[in-house]
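Colleague: No letters, just coordinates:
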């Protein structure tokens, strides 16, 4: 079973990389099989910290932490020496097996040259076959050491225990206990601790001195609450860059302020306020800050290293921390958006008074009106969203267009692969001459 897992993990490592190849998964799986899940988790998590920021590019070779995690966890559980012993063994095992990685790469080059020759002949099936065969040296470079370790596992462990003196074994355990601290130090290098040092200290104190009362989740939730308050404090401390009416610069704070003002005046959250005064009266059943229903209804926006797949939650980081914000986070459907456009083009006074409709549609300064862009000329209202949404209305002609795309799927640094929906609507008649 462990050998089969190793093969699958290697396939994952050189293909889709969904995480099976990582030390955390490998050690946890072995711990589960051997009946000591806790030891597997400790060893896997510690080795995972060691791999942060480590990647292989081109011909570079990094320690084989996959095999190290499997063999270190196996030896630790069989010997009964504990997680520190397994961690201390896994590190040198991973370092030694870099030579097997190099050997696997060298053998793989044979199949790649064969693929080149097939490509020159136009033999695409030969190219496919060469790439599939090229998987074998990669897999065997991990499978062979793991098989040897497992087959002779208990004998190897007993031989190691008999050969290694007690003082050296103590040193190995000490080194294993130090490694988690080293892993945390590596992690801290990638975190903006200078900016958020206070939150880091609060979390450390909570878990170190009150671990029986607080969990990691509790510390994270407290940090989230403090961060949200910090955003509000910084927002209220933001200074004007120019006098009102002198210059325009599109930014979030203006809409964030509007959201906070609405909450204060209505004594309700934005979602509650909008639902009572806008969504419910207009029949916008699928428009909300907190969309309801099966997760399959929602299109994943982006894969974030911190949050994973963002789906059914606001994408904007500031709005996410605040919970609800006037700047981002409102979910809707194409049907609801087209209905909203129809409501606006027909000047439905359930939304705004006729005087406010007139003011919005006839005001233009710096190419803007109240809440909208007027960059396409008089009588046009236009707005966009960061993830790829836009809405355009021509109130003179009584026409509207809604475009819902997802330009940051899967990641904003890659070409978009998400879905697109668009719709056009015309009101019964032009609303203004």
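Modeller: Yep, that arrived. The structure displayed is predicted, hence computed values, not measured ones. Numbering: from 1, shown residues only.
Colleague: low pLDDT regions in the stretch 201-350 of the chain?
Modeller: Within the stretch 201-350 of the chain, the ranges that satisfy pLDDT under 70 run 207, 210-230, 233, 294-301, 305-306.
Colleague: Do you have the helices of it handy? List them.
Modeller: 216-236, 252-266, 270-274, 280-282, 317-322, 334-345 (DSSP state H, counting those that start in this stretch).
Colleague: Burial check on residue 389, number of neighbours?
Modeller: Neighbour count of residue 389, defined by other C-beta atoms under 10 Å: 17. Where C-beta positions appear, they are placed from N, C-alpha and C, glycine not excepted.
Colleague: I'd like the helices of the stretch 201-350 of the chain as TSV, with distance to residue 45 and mean neighbour count appended.
Modeller: Converted to TSV, the helices of the stretch 201-350 of the chain look like this (distance: least, C-beta to C-beta, whole Å; neighbours: other C-beta atoms under 10 Å):
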stretch	distance to residue 45	mean neighbour count
helix 216-236	12	14
helix 252-266	37	15
helix 270-274	37	18
helix 280-282	48	14
helix 317-322	26	20
helix 334-345	44	20
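Colleague: Switch those helices over to TSV; also include distance to residue 5.
Modeller: Formatted as TSV, the helices of the stretch 201-350 of the chain follow (distance: least, C-beta to C-beta, whole Å):
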stretch	distance to residue 5
helix 216-236	27
helix 252-266	47
helix 270-274	45
helix 280-282	53
helix 317-322	36
helix 334-345	44
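Colleague: For residue 366, which of these is the nearest?
Modeller: The minimum distance between residue 366 and these falls on helix 252-266, with 13.1 Å, by C-beta to C-beta.
Colleague: surely residue 144 meets residue 100?
Modeller: Yes - with contacts counted by C-beta atoms under 8 Å, residue 144 reaches residue 100, the gap being 7.3 Å.
Colleague: what residues are up against the nearest residue to residue 332 once chain neighbours are set aside?
Modeller: Of all residues not flanking residue 332 in the chain, residue 287 sits nearest, at 4.2 Å (C-beta to C-beta, 6 or more residues apart in numbering). If you count contacts by C-beta atoms under 8 Å, 6 or more residues apart in numbering, residue 287 has them with 279, 330, 331, 332, 333, 336, 340.
Colleague: Now rank those residues by neighbours and give me the top one.
Modeller: residue 340 (24 neighbours).
Colleague: Next, count neighbours for residue 245.
Modeller: Neighbouring residues of residue 245 were enumerated by other C-beta under 10 Å; the total is 8.
Colleague: in the sheet, who's paired with the residue lying closest to it once chain neighbours are set aside?
Modeller: Excluding the flanking residues, the one nearest residue 245 by C-beta to C-beta, 6+ apart is residue 365, at 7.4 Å. Assessed by DSSP bridges, residue 365 has beta-bridge partners residue 368.
Colleague: surely residue 365 meets residue 246?
Modeller: No - Residue 365 is beyond contact range of residue 246, at 10.4 Å (criterion: C-beta under 8 Å).
Colleague: of the contacts of residue 287, closest to residue 139?
Modeller: Residue 139 lies nearest to residue 331 out of these, by C-beta to C-beta, at 44.2 Å.
Colleague: residues contacting the closest one?
Modeller: Residues in contact with residue 331 (C-beta under 8 Å, 6+ apart) are 286, 287, 288, 289, 291, 298, 312.
Colleague: what is it paired to in the beta sheet?
Modeller: Under the criterion used (DSSP bridges), residue 331 bridges to residue 288.
Colleague: For the remainder of this discussion, apply numbering that starts at 129.
Modeller: Yes, from this point I'll number from 129; that puts the last item at residue 459.
Colleague: Distance check, it against residue 499.
Modeller: 19 Å (C-beta to C-beta, to the nearest Å).
Colleague: and the contacts of residue 459, which are buried?
Modeller: Buried by 16 or more other C-beta atoms under 10 Å: 414, 415, 416, 417, 419, 440, out of the contacts of residue 459.
Colleague: Among the residues you listed, which pair sits farthest apart?
Modeller: 415 and 440, at 13.9 Å, using C-beta to C-beta across these.
Colleague: Show me where the stretch 129-278 of the chain dips below the pLDDT cut-off.
Modeller: Checking the stretch 129-278 of the chain against pLDDT under 70 turns up 179-190, 223-224, 226-227.
Colleague: ranges for the helices of it?
Modeller: Taking DSSP H, counting those that start in this stretch as the criterion, the stretch 129-278 of the chain contains helices spanning 130-141, 151-161, 165-179, 193-207, 211-224, 226-249, 252-261, 263-279.
Colleague: Comparing the ones you listed, which comes out most buried?
Modeller: When the helices of the stretch 129-278 of the chain are scored by mean count of other C-beta atoms under 10 Å, the highest mean neighbour count falls to helix 193-207 (a mean of 27).
Colleague: Just the angle for that helix relative to helix 211-224, thanks.
Modeller: If you take axes from the mean of the first three to the mean of the last three C-alpha atoms, to 10 degrees, helix 193-207 sits at 140 degrees to helix 211-224.
Colleague: could you check the angle helix 130-141 makes with helix 193-207?
Modeller: Going by the same axes, to 10 degrees, helix 193-207 makes 160 degrees with helix 130-141.
Colleague: now for helix 193-207, which elements pack on it?
Modeller: Applying 3 or more C-beta pairs under 8 Å, 6 or more residues apart in numbering; DSSP states H and E, one finds that helix 193-207 contacts helix 130-141, helix 151-161, helix 165-179, helix 211-224, helix 263-279, helix 281-291.
Colleague: Please convert these to CSV, extending it with distance to residue 513.
Modeller: Shown next, in CSV, are the helices and strands packed on helix 193-207 (distance: least, C-beta to C-beta, whole Å):
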stretch, distance to residue 513
helix 130-141, 35
helix 151-161, 36
helix 165-179, 36
helix 211-224, 45
helix 263-279, 43
helix 281-291, 56
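Colleague: Residue 381: which of the ones you listed is closest?
Modeller: Nearest to residue 381 among the helices and strands packed on helix 193-207 is helix 165-179; the distance by C-beta to C-beta comes to 37.5 Å.
Colleague: circling back: state the distance from the residue nearest to residue 460 to residue 533.
Modeller: Distance of residue 415 to residue 533, given as C-beta to C-beta: 18 Å.
Colleague: repeat for residue 173
Modeller: 39 Å.
Colleague: Return the distance of the residue lying closest to residue 213 once chain neighbours are set aside relative to residue 525.
Modeller: Nearest non-adjacent residue to residue 213, counting by C-beta to C-beta, 6+ apart: residue 204, 5.2 Å away. From residue 204 across to residue 525, the span is 74 Å (C-beta to C-beta).
Colleague: So residue 530: helix, strand or coil?
Modeller: strand (DSSP: H, G, I helix; E, B strand; the rest coil).
Colleague: Give me the most central residue, the chain.
Modeller: Closest residue to the average C-alpha location of the chain: residue 432 at 1.9 Å, with C-alpha atoms, centre = their mean.
Colleague: Good, we can wrap up now.
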